[in-house]
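K.L.:
based on what follows, work out the 3D shape:
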Amino acid sequence: MALALIAPIIISCNQSGDNGTLEDPFPKGEKINSENFTGIVYVNMLAPNDTIHNISMGNVTFEPGARSNWHYHPGGQVLIITHGEGHYQEEGKDVQIISAGEVIKCPPNVKHWHGASPEESMTHTAISTNIDQGSVVWLGPVTAEEYSQIERE
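P.N.:
Numbers count the residues shown, from 1 in each chain. Coordinates of the predicted model:
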């Protein structure tokens with residue numbers, strides 16, 4: 001599929017060029033108990049499925065070492081990193097370090113995962129786009145080897 005060849009777009013929104021801290025603009029939300037995540041994760045749904053805007057939005061906080069399972073979004077996903085440092089990986093590509101002030105645009109149907117770094121929590125606003133094309137499709141867990149790949153690079 002041609003869309004799978006599109007690289008994620010990560011845009012730095014930190015216009016000042018410094019690494020100042022950003023306060024999390026939303027409450028942590030509820031701790032979730034789901035087989036789709038490893039570690040401690042909190043979710044605060046900001047906007048549930050919305051057929052008018054065709055999106056859903058949630059604020060997700062990953063404690064150190066926490067991460068999502070592999071998954072994909074039929075309509076794509078946008079992640080706005082608001083706090084901390086984490087990891088993002090698309091299938092077949094290297095793990096990327098992601099930090100507060102960055103935006104990731106993940107194309108539709110691209111298998112990926114994201115979560116906190118081993119040492120630091122990470123919060124992002126997750127926006128599922130084009131939800132009329134389907135809900136997130138959850139796959140298997142990210143292995144310890146896949147997760148630790150960044151430390152060996």
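
K.L.:
from here on, just use CA atoms for contacts and neighbour counts.
P.N.:
Fine.

K.L.:
quick one, what contacts Tyr88?
P.N.:
Taking Cα atoms under 8 Å, 6 or more residues apart in numbering, we find Tyr88 in contact with 95-98, 112-115.

K.L.:
what pairs with it across the strands?
P.N.:
Counting by DSSP bridges, Tyr88 forms beta bridges with Gln96, His114.

K.L.:
tabulate the contacts of Tyr88 in TSV, adding columns for neighbour count, distance to Glu146 and pLDDT.
P.N.:
Compiled in TSV, those are given as follows (neighbours: other Cα atoms under 10 Å; distance: Cα to Cα, whole Å; pLDDT from 0 to 100):
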residue	neighbour count	distance to Glu146	pLDDT
Val95	22	9	92
Gln96	14	12	93
Ile97	15	14	94
Ile98	25	16	95
His112	21	12	97
Trp113	22	10	97
His114	27	12	97
Gly115	31	12	96
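
K.L.:
list just the nearest of those residues to His73.
P.N.:
Closest approach to His73 among the contacts of Tyr88 (Cα to Cα): His112, at 9.3 Å.

K.L.:
hang on, isn't that closest one packed against Arg67?
P.N.:
No: using Cα atoms under 8 Å, His112 is not in contact with Arg67, being 11.1 Å away.

K.L.:
and Thr125, what are its bridge partners?
P.N.:
Beta-bridge pairing of Thr125 under DSSP bridges involves Asn59, Ile80.

K.L.:
okay, now it: neighbour count?
P.N.:
Per other Cα atoms under 10 Å, the neighbour tally for Thr125 reads 22.

K.L.:
what of Lys105?
P.N.:
A total of 16 residues lie near Lys105 under the criterion other Cα under 10 Å.

K.L.:
from Thr143, how far out is it?
P.N.:
For Lys105, the distance to Thr143 (Cα to Cα, to the nearest Å) stands at 24 Å.
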